[in-house]
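# Dropping the sequence and predicted coords here.
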Amino acid sequence: MFEFTLDGRAGAARAGTLTLPHGTVKTPCFMPVGTRGAVRGLHPAEVERAGAQILLGNTYHLHLRPGEDVIAALGGLHQFSTWQRPILTDSGGFQVFSLSGMRKVDEDGVDFVSHVDGSLHRLTPERAVDIQWALGADIAMAFDHLIPGQASHDDARAAMEHTLRWLERCRHHHQTLSDGAPGRQTLWPIVQGGTHADLRRASLDGILATGDWTGVAVGGLSVGEPKPTMHAVLEALEPALPQALPRYLMGVGFPDDLLEGIARGVDLFDCVAATRNGRHGSAWTADGKVNVRGSALRLDAGPLDPTCDCEACTRFSRAYLRHLFVAEEHLGPRMVSIHNIRFLIRLGETARERILNGTFDAWAAEWRRRYFAKGEH
RNA sequence: GGUGGGGUGGCCGAGUGGCUAAUGGCAGCAGACUGUAAAUCUGCCGGGCUUCGCCCUACGUAGGUUCGAAUCCUACCCCCACCA
C-alpha cells in the first residue's frame, strides 16, 4: 500500500504508478477538485468518464457541512459520495490563506469564522488529521501555513518553520491513528517557503529529516507570484526531491503550468480552475483559451477543441455551447467543466506516453508552440 | 368629444432649470479566475476622433422663455385610464 513505482523518465519528467487503498494512479496526473464532496456541478460518472483517477476533498468545507461525523457515520467520503477511486483531502491549510480576512493564526492552530453561519471553528494540526481520518481519504495532507506569493523572506521563513512544527504534530498524531488501522491512509508533508529558494530547500530538508514519507507536496505556489518564479522554485527543489516519492504540486494549475510542472519533475496536480473557469465560460484548447460566451462562436459549427475526446467536444458545436451559456442553461457550465477536466487529464495521459516512449521534449515544445500561437493562453 | 396621466438612450425605468451624454436594472460586448466564501467578479456600453481629453447628435415633434431646458411655456402628434 502507498507504493510509488517509477515507470520511466525523460530528463526531470517522470511517469509513475501510485498504489493507494482505493486503486492505482498513473502519473503525471491531474486531480479534479471536489471541495465539498462533489466536483462542482458534475456527476461522479461524468468525472470517471473524463478519466479522473483520484479526486480532492476539503477538510474545512466538509467539516462545516455536513460534518466529518456525519460522513463517518455514513461510511466515509468514498461511500457517502459514491466515488470509489482514490481520494486526497486537503487539510484546510489553503483556507488559512484564502479566508485570511476571517481567521486568526496562532502557534497552536487557527480560529476560523465560518463563512456559512459566522460560527467559530478551530483547526489545529491534530484536528485537521482527525477530520481527514474520519473522512477516510487515501491521502491526508499536513496542516500548513500558507502565505501570499509576495511575502517577504522573513514572513515566508516564519510560515515555513511554523509549517514544520505543525508537520511534526500532524505526523505524530497520524501515526497514533494509523497504528490502529495500518494501510488505511497516508499523510503527506507540504514544502513551504514562498518564492525563496533557500527557504524551500530548508523546508524540504526539514521534512525529509523527520520521517519516512510516501509522497511530498509543494504548496504555496500560484498564489500571486510570476510564473518564472514558480518554475525557479521547482527547479531549485527538484534535485533534492527523492526520486522514490511522488511529488504533488498543490493548486496548480492551468494547462501550461501542468506542462511546465511535469517537465520539472512533478507527478500530481490539482486545481479548481478547470471547473471554475469552465463554469465561467472559459475553455482550454490545444490552440489556447476560448471564451465560450464570445460572439465569435455564434455560428461556429465546429467542436470546442478538435483534438479533444470529451463528452462536450464529441457531441456539441461551439455555437450550441455558446447558446447554453448565453441562455444560462446549466448544461453549458457543466459541459465546459467536463471539457476542461478532460483537457488536463489528457495532458497528463499524453505526457506519460511521451515520457515512456522518449519523445517528451519534442512533444512539449510543439505543445507550447501551438498553445501559445494565438498569443493567448 | 371631455377630464386626468404619460411619451427619456436597444428595452424597462430614474431624473422637474445649471454638478446631465443623462442614476438604476436588463440585454449586448470584452476580460479575469490556479490546494473553490466565486453558476462569480471587473470593465465597456449614443456617434466620431489624435479616446485619462475633444467634437458632434440627443430626453415625442415644432416653436418659445432663459446666460443656461430632458426639466418652464405654447401648439401639434401619439399612448393609457375614466367620463360622454
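Good, I have the coordinates.

# wouldn't A:Val110 be in contact with A:Pro125 here?
No: contact criterion CB atoms under 8 Å: A:Val110 and A:Pro125 do not qualify, at 10.0 Å. Glycine gets a C-beta too; all of them are placed from N, C-alpha and C.

# How about the residues of the stretch 151-300 of chain A by RNA strand B?
Contacts of the stretch 151-300 of chain A with RNA strand B, taken as CB under 7 Å from any atom of the strand, map to A:190, A:217, A:219-220, A:222-223, A:227, A:250-254, A:257, A:270-273, A:275-277, A:279-282, A:289, A:291, A:293-296, A:298.

# Generate a PyMOL selection restricted to the buried subset of these.
A single PyMOL command selects the buried members of these (16 or more other CB atoms under 10 Å):
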select buried, chain A and resi 190+217+219+220+222+223+250+251+252+253+254+257+270+271+272+273+275+277+279+281+282+289+293
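
# Which ones among the residues of the stretch 151-300 of chain A next to RNA strand B map onto helices?
Using DSSP state H, the subset of these located in helices is A:227, A:257, A:273, A:275-277, A:279.

# Closest one of those to A:Ala209?
Comparing these against A:Ala209 with CB to CB places A:Asp257 closest, at 29.4 Å.

# which non-adjacent residue is nearest the closest one?
Nearest non-adjacent residue to A:Asp257, counting by CB to CB, 6 or more residues apart in numbering: A:Ser222, 6.8 Å away.

# for that neighbour, what are its contacts?
A:149, A:230, A:251-253, A:257, A:271 (CB atoms under 8 Å, 6 or more residues apart in numbering).

# tell me which of these is nearest to A:Leu324?
Out of the contacts of A:Ser222, the member with the shortest distance to A:Leu324 (by CB to CB) is A:Cys271, at 23.5 Å.

# Per-residue confidence, the closest one, what does it come out as?
Each residue has a pLDDT score; the one for A:Cys271 is 98.

# Give me the distance between it and A:Phe343.
Distance, A:Cys271 to A:Phe343, by CB to CB, to the nearest Å: 12 Å.

# A:Arg369 too?
Applying CB to CB to A:Arg369 and A:Phe343 gives a distance of 17 Å.

# of the two, who's got more company?
A count of neighbours by other CB atoms under 10 Å puts A:Phe343 above the other of A:Arg369 and A:Phe343, at 25 against 9.
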